[in-house]
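> Sharing a model prediction with you, sequence too.
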Amino acid sequence: MAKDVIIACDFSSRERTLEFLGQFGERKPFVKIGMELFYAEGPEIVREIKRRGHRIFLDLKLHDIPNTVKKAMGVLSRLDIDMCNVHAAGTAEMMRAALEGLVRPDGTRPLLIAVTQLTSTSEERMRDELLIGTDIRYTIMHYAENAARSGLDGVVCSPLEAADVKSRCGQGFLTVTPGIRFADSASDDQVRITTPARAREIGSDYIVVGRPVTAAADPVAAYERCVKEFFG
């Protein structure tokens, strides 16, 4: 089972992103490109980072009617990305369509994972604003099971739910977990968080780390600390 630390490159420009990645020299960390950077720079930033030797998680969280998502995934798969995602709330039909769209002419495809609930979503917000009456853990497990039955490779969930997801969906079902903070870091706007070491213990396969690395005085040292804590 592959495990890795993914750096969330949540920057608004090509220049800032490449300046950041240039600090790592010959080391090529797995990176996440989200909406901010993709919308600012378009597909070319994905191609450029890929040419530089990085694996890429393209984090656009597609959520639309099945046919639209299928066609969009067909476009994204041509970018040679390694991982991408949809919202599990888009239904099993949409997730199956996304999977179909991702398959390239040679039969290969990126990993496809589904977002269960964002790590900024508390149970109170889910109940009061989204009008989902079940408790948050039950909802996340149900969404994860839908994703597994739809043929997806895993889910995005908080590290607090990773062990339960694997118990329900199998040890080979990937858990990609944001909401990672060092013990001495601020939580920022995330509410379901844990440390790299605890994420490892719980069963996260990939952890996604943003501000604790990107906003650090020494990003390379912060990344190395994260890797060391996660791999033990």
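Received the coordinates, thanks.

> Tell me how far the closest residue to residue 136 other than its chain neighbours lies from residue 140.
Leaving aside its sequence neighbours, residue 136 sits nearest to residue 123 (CB to CB, 6 or more residues apart in numbering; 4.2 Å). No exception for glycine: its C-beta is placed from N, CA and C like everyone else's. In this view, residue 123 and residue 140 are 10 Å apart by CB to CB, to the nearest Å.

> Show me which of those two is the more surrounded one.
More crowded of residue 123 and residue 140, by other CB atoms under 10 Å: residue 140, with 25 against 16.

> my read: that one touches residue 117, true?
Yes - applying CB atoms under 8 Å as the test, residue 140 and residue 117 come out as touching, 5.6 Å apart.

> What distance do you get for the residue nearest to residue 136 to residue 108?
39 Å.

> swap in residue 71?
19 Å.

> and if you look at residue 95?
19 Å.

> Overlap of the contact sets of residue 140 and residue 117?
Listed contacts common to residue 140 and residue 117 are residue 157; contacts here mean CB atoms under 8 Å, 6 or more residues apart in numbering.

> Quick one: classify the nearest residue to residue 178 once chain neighbours are set aside as helix, strand or coil.
Nearest non-adjacent residue to residue 178, counting by CB to CB, 6+ apart: residue 208, 4.2 Å away. Assigned with DSSP: H, G, I helix; E, B strand; the rest coil, residue 208 falls in the strand class.

> What strands line up against the lengthiest strand in the chain, and which way round?
Across the chain, the strand with the greatest residue count (assigned by DSSP state E) is strand 56-62. Sheet partners assigned to strand 56-62 using DSSP bridges are listed as strand 30-33 (parallel), strand 83-87 (parallel).
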